[in-house]
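Colleague: predicted model follows, preceded by the sequence.
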Amino acid sequence: MHGDGLKPEKTYRALDAEAMATAFAVNTIGPALIAKHVLPLLARDRKTVFAAISARVGSIADNRLGGWHAYRASKAALNMAVRNFAIELAVRNKHAVCVALHPGTVDTGLSKPFQAGVAAEKLFTAEYSAAAMLKVLDAATAERSGTLIAWDGQTIPF
Ligand SMILES: NC(=O)c1ccc[n+]([C@@H]2O[C@H](COP(=O)([O-])OP(=O)(O)OC[C@H]3O[C@@H](n4cnc5c(N)ncnc54)[C@H](OP(=O)(O)O)[C@@H]3O)[C@@H](O)[C@H]2O)c1
């Protein structure tokens, strides 16, 4: 989202083709290519999970603030890919769970510049966020496949 010439755009006037391509390469194409190679290997007779780390800001329905054009668009595209893969996967893998995850706001280099307005209890350590997401994946069944799920188990509308 930022670094190496990338920074979240506040206006469409700031769009930059190279920065946008980088966002899509990292956030959309990378996870999609991992899916390409991993999904065919999933067992068909039991629950299996493919999860991609997305972000709430990639939800089109939830977007009221705007901005961050490339990052939001690349995560929205990831969400679409996950939904598409889930539909295709369900034909052969009835028990498979293919989801996008929102990790919460996590104290990492990515969120550092945007932490000022975040309440301390809403800024998670990476360990806390990872444990919460693993709990969500443990509990998830095939009915939730193709959705975007937050760290606390809530479904975020696409
Ligand atoms: N932090 C949050 O509040 C938050 C909120 C919502 C969603 N997310 C999502 O959570 C995921 C993890 O983010 P984070 O917060 O842990 O960010 P981070 O600390 O900045 O880590 C980003 C990771 O992406 C890798 N990466 C960045 N550019 C890359 C490139 N060009 N090619 C290959 N790998 C690249 C980095 O690798 P290196 O370590 O090798 O540099 C690093 O492992 C991301 O998908 C992010 O969108 C984070």
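Modeller: Cool, got the structure.
Colleague: wait, what's in contact with the residue of the chain positioned farthest from its centre?
Modeller: Using Cα atoms, centre = their mean, the residue of the chain lying farthest from its centre is residue 45. It sits 26.6 Å away. By Cβ atoms under 8 Å, 6 or more residues apart in numbering, the residues touching residue 45 are residue 95. Any C-beta I mention is one placed from the backbone N, CA and C, and that applies to glycine too.
Colleague: and the protein, which of its residues are near the ligand?
Modeller: For the chain, the contact set with the ligand under Cβ under 6 Å from any ligand atom comprises 26, 53, 55, 103, 105, 106, 108, 109, 110, 111.
Colleague: if we go to 5 Å?
Modeller: By the rule Cβ under 5 Å from any ligand atom, the part of the chain lying against the ligand is 26, 53, 55, 105, 106, 108, 109, 110, 111.
Colleague: mark which of those residues are buried, thanks.
Modeller: Buried subset of those (neighbour count, 16 or more other Cβ atoms under 10 Å): 53, 55, 105, 106, 111.
Colleague: closest one of the residues you listed to residue 157?
Modeller: Taking Cβ to Cβ as the measure, residue 55 is the one of these closest to residue 157, at 13.9 Å.
Colleague: quick revisit: in a markdown table: the residues of the chain next to the ligand, plus secondary structure and pLDDT.
Modeller: Formatted as a markdown table, the residues of the chain next to the ligand follow (DSSP: H, G, I helix; E, B strand; the rest coil; pLDDT from 0 to 100):
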| residue | secondary structure | pLDDT |
| --- | --- | --- |
| 26 | helix | 97 |
| 53 | strand | 98 |
| 55 | coil | 97 |
| 105 | strand | 96 |
| 106 | strand | 96 |
| 108 | coil | 91 |
| 109 | coil | 88 |
| 110 | coil | 90 |
| 111 | coil | 88 |
